[in-house]
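Q: This is a predicted model, with the sequence first.
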Amino acid sequence: MKRLSAFLLSAVLLSAPCTGTAAGGPPAVSAASAILVDAGSGRVLYQKDAHSQRLIASTTKLLTALVAAESVTDLQKTVTVQREDTLTEGSSMYLKVGEEVTLEALFYGLLLQSGNDAALALARVCAGDVETFVARMNEKARELGMADSHFANPNGLDAEGHYSTAADMAKLAIACMDNELVAKVAATRSITLGTRTFVNHNKLLAQYDGCVGMKTGYTQAAGRTLVSAARRDGQLLVCVTLNDPDDWRDHAALFDYGFQTYPRRLLALPNQVLGAVAVEGALVPLAPVRTVDEVWYPLAEGEEVRAELELPRRVSAPVERDVPAGALVFSLNGTQIGETRLAFDASVRRDAAGEAGLWERLLELLPG
């Protein structure tokens, strides 16, 4: 493979002008820990003590919902509330022993009403008992790369061995937004199911244009915790604050900062012909190469992306259309930020007149 410098390609491929602003820096944030992440790329746009382990209160329920969602197949299935489901303190959807309730109602009671009883009921139904479910939560956290987190219960009540970080909770938030059920429930402002009406505690859904969830939390020891997400012009940002007395304002300010300063830019579109590779043993000397993937990345004003082609110097006929050819790799300040696969855009047959193609024979006739 040859690696060709192709910096000027970025000027051709970036069809969307950069609309970011260099004016001003990030907002002042009251939180003990905070992070703002572009969900599509994983780029951290802002962070403040984002890797310190802290209590996370009811934002825990995002992981509870995600683990439960992966084992639920029928939301209309009815379950009977057991006494152990109701033995908890704090916020509640007020389940009653012997009551029959749908799994759908438990999900909304969990994320909108922040019901600690809903968390226990879902854990029992999905795993048989709470302890087994919590083990699944920790397994899922490891799978998501939440290396600085550990969970002791499904509801977020303060407990020894129950903690996370802003950075880890952002990873969880992105995974939740990728789950259709969790994302749908977390974005719901209010809903009536049976005799219960659930109202989302997340005020940003009404206060911030583009907010699409996710979860609030509070205990006296943890303080106010908040995980939220907002979408604008196809760009999804997630924000986490822990122990933040002014979380509504902080999240709105961080979202404004992220969308204005780091708008996503189009680096590559699919089906763009970028060049060609020499073909040996064919009447046609070159095989065109095209992009396969769409690539976006959030960029601030003045940031320059470098693009490099990774292609073989030559290939032997025959060449089939759509066969992988290489990659176009994008980097920022020496760090790879994305790539699109490259594929051949046309088929090239072998030269039937002989083993060597016409192009190769012509090259042999050239002097020197």
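A: Cool, got the structure. Numbers count the residues shown, from 1 in each chain.

Q: Quick check on the nearest residue to Gly145 once chain neighbours are set aside: phi, psi?
A: Once flanking residues are discounted, Gly145 sits nearest to Lys171: 5.7 Å by Cβ to Cβ, 6 or more residues apart in numbering. Every residue, glycine included, has its C-beta placed from N, CA and C. Backbone geometry at Lys171, expressed as degrees, to the nearest 10, gives phi -60, psi -40.

Q: Which pLDDT value goes with Lys171?
A: Lys171 carries a pLDDT score of 98 in this model.

Q: That one and Ala221, how far apart?
A: 23 Å (Cβ to Cβ, to the nearest Å).

Q: of those two, who's got more company?
A: Lys171 (22 against 11; other Cβ atoms under 10 Å).

Q: Distance of the more buried one relative to Asp351?
A: 53 Å.

Q: With Ala65 instead?
A: 61 Å.

Q: same question, Asn243
A: Relative to Asp351, and taking Cβ to Cβ, Asn243 is found at 71 Å.

Q: After the host helix or strand of Leu309, which helix or strand is next?
A: Assigned by DSSP states H and E, Leu309 falls within strand 305-311. Going down the chain from strand 305-311, the next helix or strand is strand 314-316, by DSSP H and E.

Q: avg pLDDT for that following strand?
A: Here the average pLDDT along strand 314-316 is 94.

Q: Direction included, what does the helix or strand just after it pair against?
A: Next in sequence after strand 314-316, counting helices and strands by DSSP H and E, comes strand 324-332. With DSSP bridges as the test, strand 324-332 is paired with strand 305-311 (antiparallel), strand 335-344 (antiparallel).

Q: quick one on the thing from earlier: hang on, the residue nearest to Gly145 packs against Ser149?
A: No - between Lys171 and Ser149 there is no contact under Cβ atoms under 8 Å: 9.0 Å.

Q: if I look at Leu267, how far off is Ser41?
A: Taking Cβ to Cβ, one finds Leu267 at 10 Å from Ser41.

Q: Of these two, which one has the most company?
A: Using other Cβ under 10 Å as the criterion, Leu267 and Ser41 rank with Leu267 on top: 26 against 18.

Q: Which of the three states applies to that one?
A: strand (DSSP: H, G, I helix; E, B strand; the rest coil).

Q: quick one: it and Tyr297 touch, right?
A: Yes - using Cβ under 8 Å, Leu267 is in contact with Tyr297, at 5.7 Å.

Q: hey, what's in contact with both of those two?
A: Common neighbours of Leu267 and Tyr297, using Cβ atoms under 8 Å, 6 or more residues apart in numbering, are Val305, Phe330, Gly338.

Q: Understood, closing this out.
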